Each structure stands twice: as structure tokens, then as C-alpha cells.
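Enquirer: Attaching a predicted model along with its sequence, questions to come.
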Amino acid sequence: MATVIKTWTVQDLLVMPDDGRRHELVKGELIEMPPVGEAHGDIAGEIVALLHGPITRAGLGRVRVETGVIISRDPATVLAPDISVALGTVPSLQAFSKRPPHIVFEVVSPSDRPTAVHEKLQTYLEAGVEMVVAVWPGRRKLTVGTSDGEWLLLTSEDTLDLTTLVPDLTIPVSALFR
């Protein structure tokens with residue numbers, strides 16, 4: 001007897017009963033996301049705090065946490081970046097965002113494989129995200145990719161420059177690891 005594997009759709013994910021867990025869809029496969037650790041949560045909180053004033057309060061857009069973004073429908077891929085920045089006028093009553101954010105931050109967990117992290121960042125860029133940032137807590141470093149194909153590795157001595165997307169916004173990398 002053959003085993004049938006369900007291919008999930010965006011609609012399936014939307015109507016899925018809340019089981020208290022976080023999920024993403026990758027090419028039709030439902031992926032359960034484990035709870036994050038304290039370091040992950042602390043760093044994500046720092047990022048939101050550093051972005052909120054210059055972006056949300058200034059009326060430039062929205063800073064979102066773990067908000068689903070439809071990357072593709074066939075096969076369905078819905079990712080939920082740790083932090084995303086959508087600039088300009090942003091609808092806020094949709095279940096999942098239908099357009100890619102401008103900036104995505106992913107805080108890397110100890111269980112994440114570097115190749116999988118890079119693949120996820122590349123998926124965001126291919127979907128139209130302009131800048132992706134992977135935060136590596138154990139290394140106290142950032143990997144930054146942009147839509148023009150540039151990749152940078154930043155250390156605690158460097159500054160993350162977001163001025164190409166948000167005027168006057170730079171963040172000392174060390175500020176993320178307080």
C-alpha cells in the first residue's frame with residue numbers, strides 16, 4: 001500500500017486549527033517550528049525596539065513579528081520571518097501578507113543548519129525582499145544579503161546600514177547582543 005503525503009496549500013494553513021505551535025509551509029510541506037530560546041527572544045526584542053521608532057512611529061511602515069508572508073502558491077510556501085519590515089502603506093487586516101516585506105531578520109537558533117539558513121534567506125530575496133539579515137547569536141555576527149546580490153558578514157564592531165531603505169537608520173551590531 002502506498003503512503004499518500006498531503007501537499008498543503010495556503011488555504012489549508014489558514015484554516016488549520018490552532019494547536020499552539022508555529023508552522024510554515026515550504027513547497028507544500030507543513031513545517032512545525034519549535035519554540036525559540038531565551039537568547040533568540042532577547043535578540044528579536046532588541047531588533048524590534050531598535051526598528052519601531054524610526055519606522056513605525058515615523059510613519060514609514062510597519063515592523064512585524066512572526067507574520068506569515070506568502071512566497072508562492074504553487075507549490076505553497078508561507079514563511080514567517082522573526083522580524084519583517086514593510087515600508088509604505090501597509091494593509092494590516094490580511095491573514096498573510098501577499099507582498100514581500102522590504103527587510104527580513106532571522107535570528108538563527110542553535111539547531112539551524114547554516115545551509116538551510118542561507119537557502120531561506122535566498123528564498124526571501126528571490127521573492128522580492130530587498131534585504132535579509134541572519135543574526136547568529138553564538139557568533140555575535142550578522143549575514144546580510146541584498147537584492148542586488150551583495151553579501152556581507154558583520155561583526156560586533158560593525159554597523160548595520162539600513163539607509164538605502166530607511167533614511168538615517170543604522171544599528172550598531174553590538175546593540176543586538178546586549
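Expert: That came in fine, so what should we check first?
Enquirer: my guess is Glu32 contacts Arg22, does it?
Expert: Yes - assessed by C-beta atoms under 8 Å, Glu32 is found in contact with Arg22 at 7.4 Å. From N, CA and C alone the C-beta is placed, and that goes for glycine too.
Enquirer: Give the residue from those two that has the larger number of neighbours.
Expert: Neighbours were counted for Glu32 and for Arg22 using other C-beta atoms under 10 Å; Arg22 has more, 14 against 9.
Enquirer: any idea how far the more buried one lies from Leu13?
Expert: Distance of Arg22 to Leu13, computed by C-beta to C-beta, to the nearest Å: 11 Å.
Enquirer: who touches both of these two?
Expert: Common neighbours of Arg22 and Leu13, using C-beta atoms under 8 Å, 6 or more residues apart in numbering, do not exist here.
Enquirer: Leaving aside the residues adjacent along the chain, what's closest to Asp158?
Expert: Using C-beta to C-beta, 6 or more residues apart in numbering and skipping the chain neighbours, the partner closest in space to Asp158 is Val173 (5.1 Å).
Enquirer: which stretches of the chain have low pLDDT?
Expert: For the chain, the stretches with pLDDT under 70 are 1-4, 91-94.
Enquirer: Identify the residues contacting the most centrally placed residue in the chain.
Expert: For the chain, the residue nearest the mean C-alpha position is Pro81 (2.4 Å; C-alpha atoms, centre = their mean). Counting by C-beta under 8 Å, 6+ apart, Pro81 touches Glu66, Thr67, Val69, Pro101, Val104, Phe105, Glu106, Tyr124.
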